[in-house]
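Colleague: return a 3D structure for these sequence lines:
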Amino acid sequence: MFGLAGLTKSQRLVLGVIVLIIVDLIWVASSELTKYLFKDEHFDKPYFSTYFKTAMFTLYLSGFLFWRPWRNQCRKNGVLQSGEGGSLESEELLTEPIYVPLRYDDKNNSGSEHDDLNDLRDRSVRFNNLMEVRQLTDTYAEEQVIARLSYQAAVRAEELRLRALSKLTIKQVAKMAFMFSILWFFANYSYQIALHDTEVGVVNVLSSTSSLFTLICAAIYPGSSADRFSLSKLVAVLVSISGVVMVSVSDLTFEDHIPAGALWALSSAILYAVYLVGLRRKVDHEDKLDIPLFFGFVGLFTSILLWPGFLILHYSKIETFQWPNGEQVLFIVINGLVGTVLSEFLWLWGCFLTSSLIATSALSLVTPLSMIADVVIKGVSYTWLFYLGSVPVFVAFMAVSCLTHFESWDPVLLLVKKVLHCLCSRRVVPISRMRDVDKEQTESLIGVDAPAE
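Modeller: So this is what the prediction gives:
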């Protein structure tokens, strides 16, 4: 994507981390705008906001008007396939024939009847002296070009060709979008309800557990080697969650009972983890999936399938339908374009560049970043617990990034093994020494008790 196929693994990781940090900054601004819309503008309609912003994904489908590869996929009837025996006839290797004249007679027309007869005779000659020309199809012509390249260039060209052939078609992308559209919508809708019903600090703490659920889901259904479970990743995730708890406690008013929004926040974290791990299991590289096309179909299917939710929520008095005024529509459109359409594209791209665990760990950075924004912009002051808790959140995010880069490195497991080895060796060595002492004493006793010869 964007001509970045030649990047190394380290460069992909650095670029992915930068993209995810940009997404966090966008989400901080988006969350501030959402809170302003709910509280100050008094438009607390989570379903309407989620549905409208998700439907804006259909703007990506306008790419069919401007992006030629999408239109070319629609025009193609299929891929050239071999017969049952694996051999292709020569007719299938060549294009349709093109007839080229062998010679041309350039004569000036004088306007006389004699010249007209000569001209007709010359045309018949040109028509009867045609040469049939056929060319190799694009697929086999490309193979012939690769065969004439140097070894390194041929290997690189073959990798690019195979990657292009493995790219999902429009039909396959649409099927995948249909599978994940409902899951993605309810993950976002659950988060919106949690913000509406519960304090932001509680929502942020529970949303940060998405990285823990991602680690568990990736251990059960690994999508790539970067998502492999390790003890070090588990410790880093727990450190990140503890940091989020410390940050949120500094600005948290505890309630006597468990709020209903907490369950929505927890369900949102689980759905996000399942969505991301499931998508990474289906697509292991960003070149296989056209991300704008995927989200375009997500918006289309969501718009078609979930509009009855307005009727259900309206008549059940859960969320009465109300059309927003002009200012509210402006805020929703801006938040949808930047906070949903752009940010979700960048977030999924950053996930493909790094791993699903790093992408969900980036969610934990939203809490300290939003509170830092309050300190800088609004002049809000927090206790020392906020600054103390921000450190493990950022450290854990960088630790997960390093552990993803060095896939087989598990320092916590090595430390545990070394500690166990030290403890076991200390217990075994004295026993062996006691056995040696007993053996020496036994030999000495045998020597004393033995009869003299």
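
Colleague: tell me who's in contact with Ser232.
Modeller: 399, 403, 409-413 (CB atoms under 8 Å, 6 or more residues apart in numbering). From N, CA and C alone the C-beta is placed, and that goes for glycine too.

Colleague: now it: which helix or strand?
Modeller: Per DSSP states H and E: Ser232 is located in helix 231-249.

Colleague: which elements pack onto whichever helix or strand comes after that helix?
Modeller: Once the chain leaves helix 231-249, the next helix or strand it forms, by DSSP H and E, is helix 260-282. Counting contacts by 3 or more CB pairs under 8 Å, 6 or more residues apart in numbering; DSSP states H and E, helix 260-282 is packed against helix 170-197, helix 200-207, helix 210-220, helix 343-353, helix 356-364.

Colleague: report the backbone C-alpha coordinates of helix 260-282 in CSV.
Modeller: Extracted in CSV, the C-alpha atoms of helix 260-282 (Å, rounded to 0.1, in the frame of the first residue of the first chain):
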residue,chain,number,x,y,z
ALA,A,260,-24.6,-0.6,33.5
GLY,A,261,-22.2,1.3,31.3
ALA,A,262,-19.3,-0.7,32.7
LEU,A,263,-20.7,-3.8,31.1
TRP,A,264,-21.1,-2.0,27.8
ALA,A,265,-17.5,-0.9,28.0
LEU,A,266,-16.3,-4.4,28.7
SER,A,267,-18.4,-5.8,25.9
SER,A,268,-16.9,-3.2,23.6
ALA,A,269,-13.4,-4.2,24.5
ILE,A,270,-14.2,-7.9,23.8
LEU,A,271,-15.9,-7.1,20.5
TYR,A,272,-13.0,-5.0,19.4
ALA,A,273,-10.5,-7.8,20.2
VAL,A,274,-12.5,-10.4,18.4
TYR,A,275,-13.0,-8.1,15.3
LEU,A,276,-9.3,-7.3,15.1
VAL,A,277,-7.9,-10.8,15.7
GLY,A,278,-10.5,-12.3,13.3
LEU,A,279,-9.7,-9.9,10.6
ARG,A,280,-5.9,-10.4,11.0
ARG,A,281,-6.5,-14.2,10.8
LYS,A,282,-8.3,-13.7,7.5
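
Colleague: in that helix, which residues are buried?
Modeller: Residues of helix 260-282 classed as buried by neighbour count (16 or more other CB atoms under 10 Å): 261-281.

Colleague: quick one: contacts for the nearest residue to Gly278 once chain neighbours are set aside?
Modeller: Leaving aside its chain neighbours, Gly278 sits nearest to Phe180 (7.0 Å; criterion: CB to CB, 6 or more residues apart in numbering). By CB under 8 Å, 6+ apart, the contact set of Phe180 is 275, 278-279, 298.

Colleague: quick check: closest non-adjacent residue to Thr302.
Modeller: Closest residue in space to Thr302, ignoring its immediate chain neighbours: Thr54 at 4.7 Å, by CB to CB, 6+ apart.

Colleague: pretty sure the one you found belongs to a helix, no?
Modeller: Yes. Thr54: assigned to a helix according to DSSP: H, G, I helix; E, B strand; the rest coil.

Colleague: quick one, what contacts it?
Modeller: Counting by CB under 8 Å, 6+ apart, Thr54 touches 184-185, 188, 298-299, 302-303, 340.

Colleague: using CSV, please lay out these together with neighbour count.
Modeller: Output for those, formatted as CSV (neighbours: other CB atoms under 10 Å):
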residue, neighbour count
Trp184, 21
Phe185, 23
Asn188, 21
Val298, 26
Gly299, 23
Thr302, 22
Ser303, 17
Thr340, 25
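
Colleague: closest to Val247 among those residues?
Modeller: Each of the contacts of Thr54 was checked against Val247 using CB to CB; the closest is Asn188, at 23.0 Å.

Colleague: give me the phi and psi angles of Leu13.
Modeller: Dihedral pair for Leu13: phi -70, psi -50, per degrees, to the nearest 10.

Colleague: how far away is the closest residue to it other than its chain neighbours from Leu215?
Modeller: Residue nearest to Leu13 in three dimensions, not counting chain neighbours: His405, with 5.2 Å by CB to CB, 6+ apart. From His405 across to Leu215, the span is 17 Å (CB to CB, to the nearest Å).

Colleague: do the same with Leu353
Modeller: Using CB to CB, which is the criterion applied here, Leu353 is 19 Å from Leu215.

Colleague: tell me who's in contact with Phe397.
Modeller: Shown in contact with Phe397 (CB under 8 Å, 6+ apart): 240, 358, 361-362, 364-365.

Colleague: closest one of the residues you listed to Met371?
Modeller: Nearest to Met371 out of the contacts of Phe397 is Leu365 (CB to CB; 11.1 Å).

Colleague: so who does the closest one touch?
Modeller: Contacts of Leu365 by CB under 8 Å, 6+ apart are 21, 24, 393-394, 397.

Colleague: show me where the stretch 301-450 of the chain has its strands.
Modeller: Shown for the stretch 301-450 of the chain, no strands are assigned by DSSP state E, counting those that start in this stretch.

Colleague: settle it for me: which of His405 and Leu215 has more neighbours?
Modeller: Leu215 (24 against 17; other CB atoms under 10 Å).

Colleague: how far away is that one from Ser356?
Modeller: In terms of CB to CB, Leu215 sits 9 Å off from Ser356.

Colleague: same question, Cys424
Modeller: For Cys424 relative to Ser356 (CB to CB), the value is 37 Å.

Colleague: so these two - more neighbours on which side?
Modeller: Ser356 (29 against 10).

Colleague: just to check, that one is in contact with Val277?
Modeller: Yes. Counting by CB atoms under 8 Å, Ser356 touches Val277, with 5.4 Å between them.

Colleague: still on that earlier bit, quick check: which of the helices and strands packed on helix 260-282 is nearest to Ser10?
Modeller: Among the helices and strands packed on helix 260-282, if distance is taken as CB to CB, the winner is helix 343-353, at 11.4 Å.

Colleague: helices or strands up against that closest one?
Modeller: For helix 343-353, the packing partners by 3+ CB pairs under 8 Å, 6+ apart come out as helix 9-35, helix 260-282, helix 291-305, helix 356-364.
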